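**Student:** give me coordinates for this.
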Amino acid sequence: MPRAQRVTAIVLAGALAAACGNTGKHRAGQSAAAHDARSGVAGGVGTSGREAGGSVAGALAAPPAYVTGDREGQHLWALTKQFYEKRGDAPAWIDGRTPTAAMDQLIAALQHADREGLDPALYNASTLAARRQDAGRGFLTARGFDEREAVDLDVWLTYLYLHYASDLANGLSNLAHADPEWKIAGKTVDVLSLLERSIDEHRVGQSLAELTPAHAQYTRLRDALQHYRDIAAKGGWPQLPPALKLKPGQRSPEVPAVARRLAVTGDFTGAVQDGDVEYTPALQEAVKRFQRRHGLPDDGVIAPATVAQLNVPVERRIEQITLNLERWRWLPRELGERYVLVNIPEYRLEVWDHGAVPVTMRVVVGKKDTPTPIFNDEMTYLVFAPYWNVPADIASKETIPSVLKDPAFLDKTNMEVLDRSGHPVDPSSIDLSQAGNYRFRQRPGGKNSLGYVKFMFPNQFNVYLHDTPADSLFARAARSFSHGCVRVEQPEQLAQYVLRDQPDWTPEQIEAAMHGGQEKSVKLREAIPVYLGYFTARVSADGILQFRNDVYGIDARQQTLLAAALKTLESHAQAAAQASAAAQKPRL
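**Tutor:** From the prediction side, this is the model:
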């Protein structure tokens, strides 16, 4: 044997001997932990902070560093313990010392959590990937996990599956239930049963992917998130002078800057020349498109309101998209084959029917001090030529003061007064100091505040969709003027749609019922789900990314809740990563 080969063989043999425990050998069948204890070597520290090694039962004895102390964390930890109890404490992710395909699928899913607007660091994705890679790296063969760490790691992976699955299915840290104003009822997913099936059926990765909303609005918004992240990676967009004003036909040295800003977000596709100073028709159309996407009057005039939207940093838009992706995860996965969606900040109603939008219109929603509630229910009937029973608070704050100011107010508005039994009484005979003994009702007709039809989905808020005589409000860009109900721009079209499977109700009959002056209720053959939602970033049915102002301050409130939840999760993830690093000992 040549000398070089003999040296290599000797070194290799020595390395193998060292790797096999040549220094301080232990007997066959003796565990590494027992050997370490006898030889004075300290045991590894797992993510729980305890001495690593031993049984699954030992690893489950106390919550590790990654378990948060809130209700959600404790719930997930309880599910983790149930999971192992039901499988007799058998490991799920590591076979002896060898990582399984299930483990690889889970780590891969966690590494791509950012695609859903979630931070992979919350799930220690990089730490797990590094440990998995280290387990597959050996001098001659993959060495696997040290038995001291395998049990702790297996339990950690189980918790992370449940954690990530819960975040995908029900929202981050159950945040939807932390906001009392969000009343849309989702459907809670049994993540423990899902985990058990995914392990048994060898489909961990697929089971997690199937938890994300399949609705086109979610997937398109997710694509928009990646697009805006790409924009951020390239430096974002230029800021314009806040006081910039520019009207069609004018000239300005800021024209190139405006064009470059709009080009970044794809609103302007023309050429940008530094010497251009004319505000051209092509650039005007780009400004109008941007204005429409942001809920501004599309007049092509660049004024402070438009500049303020142009100057919102890309990082803020990314936060906005991320928050609205989170809101989609709070919704039921099955919205219905057909349903009505009202997006409050967008002042818009859409009817979705098997993925298409046959009906869409502008709406008027509640004022900031009388907001339209965020909830879902089912439309079951509509009322043609409705009476309007004036709510008590509106009567005390508006109707009665108006009567005191103008005794002819009731006649002018076609209102009548009813006693406690519901019988009409002479308005001149009532004692307004005892207003609680009466209620006010507006008769059907053109002056009726509900217009000629209302669409009912009975709910605790007494909110519904209805026509309105105040059509001029629909021409405004911002349309929060109601007491909480939703006024629709095209009531006839909506009525025709919801009654389309009832042949007796032709367009002519609907028109006649609306103007007949006689209140008439019509029950729908099938209930239609109605969602009054709140999305300040959304991809509309025509595929255009829309941004809207936070009209009720809900974004701000939920961002605060989200930031607090993320802070807690990040601190526990960091503690787990540190414990994991401490658990690893240098090995050949």
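**Student:** now the terminal residues of stretch 242-257, how far apart.
**Tutor:** 13 Å (CA to CA, to the nearest Å).
**Student:** what residues of that stretch count as buried?
**Tutor:** By 16 or more other CB atoms under 10 Å, the buried positions in stretch 242-257 come out as 244, 246, 252, 254-257. Any C-beta I mention is one placed from the backbone N, CA and C, and that applies to glycine too.
**Student:** again with stretch 441-457
**Tutor:** 441-444, 448-457.
**Student:** what's the distance between the helix or strand hosting residue 149 and the middle of its chain?
**Tutor:** According to DSSP states H and E, residue 149 maps onto helix 147-170. Centroid separation between helix 147-170 and its chain, computed with CA atoms, centre = their mean, to the nearest Å, is 23 Å.
**Student:** now stretch 197-216
**Tutor:** On CA atoms, centre = their mean, the centre of stretch 197-216 falls 19 Å from the chain's centre.
**Student:** what residue ranges in the stretch 301-450 of the chain score low on pLDDT?
**Tutor:** Within the stretch 301-450 of the chain, no range satisfies pLDDT under 70.
**Student:** run through the helices of it in chain order.
**Tutor:** 304-310, 314-330, 392-394, 400-405, 409-412 (DSSP state H, counting those that start in this stretch).
**Student:** ranking those by burial, who's on top?
**Tutor:** helix 314-330 (a mean of 20; mean count of other CB atoms under 10 Å).
**Student:** restricting to C-alpha, output that helix in CSV.
**Tutor:** Extracted C-alpha coordinates of helix 314-330, given in CSV (Å, rounded to 0.1, in the frame of the first residue of the first chain):
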residue,chain,number,x,y,z
VAL,A,314,-44.6,49.8,0.5
GLU,A,315,-43.9,48.3,4.0
ARG,A,316,-47.2,49.7,5.2
ARG,A,317,-49.0,48.2,2.2
ILE,A,318,-47.3,44.8,3.0
GLU,A,319,-48.6,45.0,6.6
GLN,A,320,-52.1,45.9,5.2
ILE,A,321,-52.1,42.9,2.9
THR,A,322,-50.8,40.6,5.6
LEU,A,323,-53.6,41.7,8.0
ASN,A,324,-56.2,41.1,5.4
LEU,A,325,-54.9,37.7,4.6
GLU,A,326,-55.3,37.0,8.2
ARG,A,327,-58.9,38.1,8.1
TRP,A,328,-59.6,35.7,5.3
ARG,A,329,-58.4,32.9,7.5
TRP,A,330,-61.1,33.9,10.0
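**Student:** that one vs helix 147-170, what angle?
**Tutor:** Interaxial angle, helix 314-330 versus helix 147-170 (axes from the mean of the first three to the mean of the last three CA atoms, to 10 degrees): 80 degrees.
**Student:** just checking, what packs against helix 314-330?
**Tutor:** helix 147-170, helix 216-233, strand 537-539, helix 554-583 (3 or more CB pairs under 8 Å, 6 or more residues apart in numbering; DSSP states H and E).
**Student:** what residues does the shortest one touch?
**Tutor:** Meaning strand 537-539. Strand 537-539 has contacts (CB atoms under 8 Å, 6 or more residues apart in numbering) with 216-217, 220-221, 224, 317, 320-321, 323-324, 343, 346, 545-548.
**Student:** do a quick rundown of the helices in the stretch 151-300 of the chain.
**Tutor:** Going by DSSP H, counting those that start in this stretch, the stretch 151-300 of the chain shows helices at 191-200, 204-209, 216-233, 255-264, 281-293.
**Student:** what would the ones you listed look like in CSV with distance to residue 422?
**Tutor:** Shown next, in CSV, are those (distance: least, CB to CB, whole Å):
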stretch, distance to residue 422
helix 191-200, 51
helix 204-209, 57
helix 216-233, 45
helix 255-264, 59
helix 281-293, 48
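**Student:** out of the ones you listed, which is closest to residue 124?
**Tutor:** helix 204-209 (15.7 Å; CB to CB).
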